[in-house]
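Give me the fold of what follows.
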Amino acid sequence: MNKSITLMLMTSGSRGVRKLEISAVALWLGAVALIAVFGAGVWGVTRVYQTYTGAQQFHEEYAALVTEHAQMQVSYAALETQLATLEALEENVRHVLGLPGPADEGADSGTLHRGGGNADSAPGEPAELSLSDSSQAADITRVTDDNELSDGIPISDESVGRATRLLKSLERIEMLTVNEIQDLATTPTVTPIGEGEPYWLASGFGMRNSPFTQRRQFHGGLDLSAKAGTPVIAPADGVVTEVWNVKQGGLLGNAIKIKHGQRYETVFGHLNKNNPFAAGLEVGAQVTRNQVIGYVGRTGRTTGDHLHYEVRDNGERVNPYRFLLDRVER
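Numbers count the residues shown, from 1 in each chain. Model prediction:
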């Protein structure tokens, strides 16, 4: 049995009452259709809104990327400027240190060569340094394998090459500078008499008339006359290798030998009889430049209180006078 719904429509005028009969099925179908149309409208409005907000977000992100890209271009230009400044600084440092330019170093050898001074200047010795690529250089290589930064800013092959070469060059300069500082620290360059203490040069290096025989003989050091007990100082950093008493020192009496790095040795003779050595001084002791190591005396074969001072370069006695860069006879 079909159910229906009857609607009574009353109108004014002569038409009277009109009756409209609608089946229940048609009514339900109409309701479903109305709901579907409403739902489709809501879905459509939602999709339009989502599309609009998505497009707006895309435009905002795009604008941010454009701004970031522009900023990175400015940063890249600044990086290029800094790179040029560092290259100029590197060239100046090389000039000051007397280093060869990158083109003169020999790309295949992987070494940097350093020359020493002349015989009358502060002594130096040739050195060869074997160098390996630093971790920073490896990082640069990894970052620039695709010739672009992580954010897509391209880097020219020239810039990559300049940065890598500059980093390696600065590493070499750093290593050489450290080596140079170590060489200077172990080069005897100061007068071995305590600062401010009076002294004078009594006898120089080389051939002289012996004060004992009056015959010509070689004198292998300097004789610096000073009062008994005057402090004797180390002329450079080093390690004590010999401490001789009167019997062991022979003609030098109480004496000390110090090894400075790989090249130089110094000898201090005729030290004081009663108080020859500084407290704690013994074989193997580390000493630093200007550290008191002993005291002037007249032990051994001598005519008066003085310090006999020798400098040995790779075992050969050389003139200590040219090593006294602070020489002022007092």
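
where does this structure have its least confident helix or strand?
One helix or strand of the chain scores below all others by mean pLDDT, DSSP states H and E: strand 127-130, with a mean of 34.

So for Glu171, what pLDDT did the model give?
Looking at Glu171, its pLDDT is 75.

quick one: secondary structure of it?
Here Glu171 is recorded as helix under DSSP: H, G, I helix; E, B strand; the rest coil.

okay, now it: neighbour count?
Applying other C-beta atoms under 10 Å, we find 17 residues neighbouring Glu171. C-betas here are computed from N, CA, C, even on glycine.

Packing partners of whichever strand or helix holds Tyr62?
Per DSSP states H and E: Tyr62 is located in helix 24-97. With contacts defined as 3 or more C-beta pairs under 8 Å, 6 or more residues apart in numbering; DSSP states H and E, helix 24-97 has these neighbours: strand 4-10, helix 157-185.

most tightly surrounded among these?
helix 157-185 (a mean of 15; mean count of other C-beta atoms under 10 Å).

related to what we said a few turns ago, I'd like the helices and strands packed on helix 24-97 laid out as CSV, including distance to Leu79.
Converted to CSV, the helices and strands packed on helix 24-97 look like this (distance: least, C-beta to C-beta, whole Å):
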stretch, distance to Leu79
strand 4-10, 82
helix 157-185, 8
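
Looking at these, which is nearest to Thr299?
Of all these, it is helix 157-185 that lies closest to Thr299, at 30.2 Å by C-beta to C-beta.

I'd like to know which elements the helix or strand that the closest one is followed by is packed against.
Moving toward the C-terminus from helix 157-185, the next helix or strand (DSSP H and E) is strand 200-203. Using 3+ C-beta pairs under 8 Å, 6+ apart, the elements in contact with strand 200-203 are strand 222-225.

how about the next helix or strand after the strand it packs on: buried residues?
Counting by DSSP H and E, the next helix or strand C-terminal to strand 222-225 is strand 231-233. For strand 231-233, a neighbour-count test (16 or more other C-beta atoms under 10 Å) marks Pro231, Val232, Ile233 as buried.

gap between strand 231-233 and the chain center?
In this view, strand 231-233 has its centroid 36 Å away from the chain centroid, taken as C-alpha atoms, centre = their mean, to the nearest Å.

Adjacent strands (with direction) for the helix or strand that it is followed by?
For strand 231-233, the following helix or strand on the C-terminal side (DSSP H and E) is strand 238-244. In the sheet, strand 238-244 lines up against strand 255-260 (antiparallel), strand 286-287 (antiparallel) (DSSP bridges).
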